[in-house]
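1. sequence first, then the predicted structure:
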Amino acid sequence: MSDHDIDPTSPRMAPKPEVTKIDGRELKPSTLMMGYGYDPVLSEGSLKPPIFLTSTFAFPSAADGKRHFEGITGKRPGGADGLVYSRFNAPNQEILEDRLAVWDGAEDALSFSSGMTAICVLMLAYASKGDVIVHSGPLYAASEGFVAKWMSRWGVEYVDFPAGATREEIDAVLARAKDLASQNGGKVCMIYLESPGNPTNALVDVEAVKAARDEALDWDCPIAIDNTFLGPLWQRPLDQGADIVCYSLTKYVGGHSDLVAGSIAGAKKWMDPVRMLRNTMGGICDPNTAWMLLRSLETVELRMNRAGENAAKVCQFLAQHPKVEGLGYLGMIKDARQQDIYDRHCKGAGSTFSLLLKGGEAECFRFLDSLKIAKLAVSLGGTETLASHPASMTHLSVPEGRRAELGISDNLVRISIGIEDPDDLIADFEQALEAV
């Protein structure tokens, strides 16, 4: 929101313009994270935003209350001009949303109580009975399950394509989706991507998807993408043509394995329908979690850079180990198509990758049970190194045949490298591999 849209009594922003440039130089996101969207003068001089633990906000006048509710209910475009009720908006969440938008170069952002809440509310806001969602694969199991098992209950179907699909393959999938939607009396309502895909790290060609969408569909159909594995530092999908970027803020943005939250960001026209549904359903991030995320955003670049450097060193070791069959690491891509997508879309290889061991589930379990520094736990993007077995854990709900189709094999271990000493991590993986 621009400064003239802000209630001057709100503590979330200063009534003066934000400093985003110095002598014409655009300030970097890592700099803006230290104060963007907040003026200490409006909160008793507190350097950091206080945690606003309140359910509701007092209006300066009845006319202000009416105006705010006209925005909240959609009777007037643009949303609320000020603070109303904590299911709709609140200072900590609005500061967080402003800063999240900065990282992706987005016009607007919305925060949620979890990544899956963000994804579910997003899909519900855009899908109607008879519609078809087109999505890439693999997806996080809960995302795929929501589309396949829950949206189908409300008459929404899906068509999917593999992450590395070519333009021609994407064209064919969209044609099939259009035919299915026409038979159902609906439309293709969303193209939902996950890149890199969880847990294989397979990349989607967002530029090809956008070109195919623009040619095949003559109505507004948003391209949404889960950017959790590489965002917000190593990939900016809005630059490649995506309309909406989704995050589990639990992961790299939160970064300390001590909170659960999610977000979406994009142009205001894409955010407004989702905001309206969030206003009704709830699911907004709570103020304490928003405050913790503001803390984490100040160091996200430092943490991600350190984790990325560690991952490169660890993968150099693992790639040479005789008990390792392969690595799904973006710094060591062997497929020309995937390398081309990486070169055009990505700014770094990340720190989460798949490790393929020689053997199967038993060998993976022995490896996981032998780790001493790395923790056996799901999730990723924290300060500590985590390892898990997707086929029997995060993706257990995916049918076995579907897992095989997506490359989620029994010998695959997902590893998220943290910020520990890299030599210590290498020593830990070396001794764990000896147990295999």
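-> Cool, the structure landed.
2. what comes up buried for stretch 318-325?
-> In terms of neighbour count (16 or more other CB atoms under 10 Å), stretch 318-325 has its buried residues at 318, 321, 324. From N, CA and C alone the C-beta is placed, and that goes for glycine too.
3. restricted to helices, list the residues you listed.
-> Secondary structure assignment (DSSP state H) places Leu318 from those within helices.
4. which residues are in contact with Ala202?
-> 138, 162-164, 195-196, 328, 338, 407 (CB atoms under 8 Å, 6 or more residues apart in numbering).
5. hmm, I was thinking of Gly266
-> For Gly266, the contact set (CB under 8 Å, 6+ apart) comprises 106-109, 222, 238, 242-245.
6. and for Leu294?
-> Counted by CB under 8 Å, 6+ apart, Leu294 has contacts 48-49, 92, 95-96, 99.
7. same check on Ala125?
-> Neighbour list for Ala125: 273-274, 276-277 [criterion: CB under 8 Å, 6+ apart].
8. among the residues you listed, the buried ones, what's the ChimeraX command?
-> The following ChimeraX line selects those of the contacts of Ala125 that are buried, judged by 16+ other CB under 10 Å:
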select :273,274
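9. which one among the contacts of Ala125 gets closest to Glu430?
-> For Glu430, the closest of the contacts of Ala125 turns out to be Val274, at 46.5 Å, with distances computed as CB to CB.
10. if we can go back for a sec, out of the buried residues of stretch 318-325, who's nearest Ser388?
-> Within the buried residues of stretch 318-325, proximity to Ser388 (CB to CB) peaks at Leu318, which comes in at 16.2 Å.
11. wait, isn't the closest one in contact with Asp428?
-> No: using CB atoms under 8 Å, Leu318 is not in contact with Asp428; the gap is 11.7 Å.
12. which residues does Tyr140 contact?
-> 194, 198, 226, 394.
13. make CSV from these and add pLDDT to it.
-> Rendered in CSV, the data for the contacts of Tyr140 read as follows (pLDDT from 0 to 100):
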residue, pLDDT
Glu194, 98
Asn198, 92
Asp226, 98
Thr394, 89
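14. remind me which residues of the stretch 301-436 of the chain are low pLDDT?
-> Within the stretch 301-436 of the chain, no range satisfies pLDDT under 70.
15. quick one, strands of it?
-> Using DSSP state E, counting those that start in this stretch, the strands of the stretch 301-436 of the chain run over residues 324-328, 352-357, 375-376, 386-388, 412-416.
16. ok, and what's touching the shortest one?
-> Right, the one you point to is strand 375-376. The set of residues external to strand 375-376 that reach it, using CB under 8 Å, 6+ apart, is 368-369, 384-388.
17. strand partners (parallel or antiparallel) of that strand?
-> Listed by DSSP bridges, the sheet partners of strand 375-376 and their directions read strand 386-388 (parallel).
18. verify the contact between Asp243 and Pro237 for me.
-> No: with contact defined as CB under 8 Å, Asp243 does not reach Pro237; the gap is 9.2 Å.
19. of those two, who's got more company?
-> A count of neighbours by other CB atoms under 10 Å puts Pro237 above the other of Asp243 and Pro237, at 27 against 21.
20. so the nearest residue to that one once chain neighbours are set aside: helix, strand or coil?
-> With sequence-adjacent residues excluded and distances taken as CB to CB, 6 or more residues apart in numbering, Pro237 is closest to Ile225, at 4.6 Å. Secondary structure of Ile225, reduced to three states by DSSP: H, G, I helix; E, B strand; the rest coil: strand.
21. what about Ile225, neighbour count?
-> Each residue near Ile225 was counted by other CB under 10 Å, and the total is 26.
22. what's the answer for Lys187, then?
-> Burial measure for Lys187: 19 neighbouring residues, criterion other CB under 10 Å.
23. can you pull the contacts of it?
-> Lys187 sits next to 130-132, 181, 219, 221 when contact means CB under 8 Å, 6+ apart.
24. which residues touch the helix or strand hosting Tyr247?
-> Using DSSP states H and E, Tyr247 falls within strand 244-248. By CB under 8 Å, 6+ apart, the list of residues contacting strand 244-248 from outside reads 100, 104, 106, 114-116, 118-119, 122, 222-228, 231-232, 237-238, 253, 261-266, 270-271.
25. sorry, back to before: out of the contacts of Ala202, which is most surrounded?
-> With neighbours set by other CB under 10 Å, the maximum within the contacts of Ala202 is found at Pro196, which has 31 neighbours.
26. name the nearest residue to that residue, sequence neighbours excluded.
-> Leaving aside its sequence neighbours, Pro196 is closest to Phe229 (4.6 Å, by CB to CB, 6+ apart).
27. which residues in this structure form helices?
-> With DSSP H applied, the chain shows helices at 29-32, 62-73, 91-104, 115-126, 141-145, 167-184, 206-216, 268-281, 287-297, 300-319, 336-345, 361-370, 400-406, 422-434, listed in chain order.
28. and the fourth one, how far out from the chain's middle?
-> Once both centres are worked out by CA atoms, centre = their mean, to the nearest Å, helix 115-126 turns out to sit 12 Å from its chain's centre.
29. what angle do helix 268-281 and it make with each other?
-> For helix 115-126 and helix 268-281, the angle between their directions (axes from the mean of the first three to the mean of the last three CA atoms, to 10 degrees) works out to 110 degrees.
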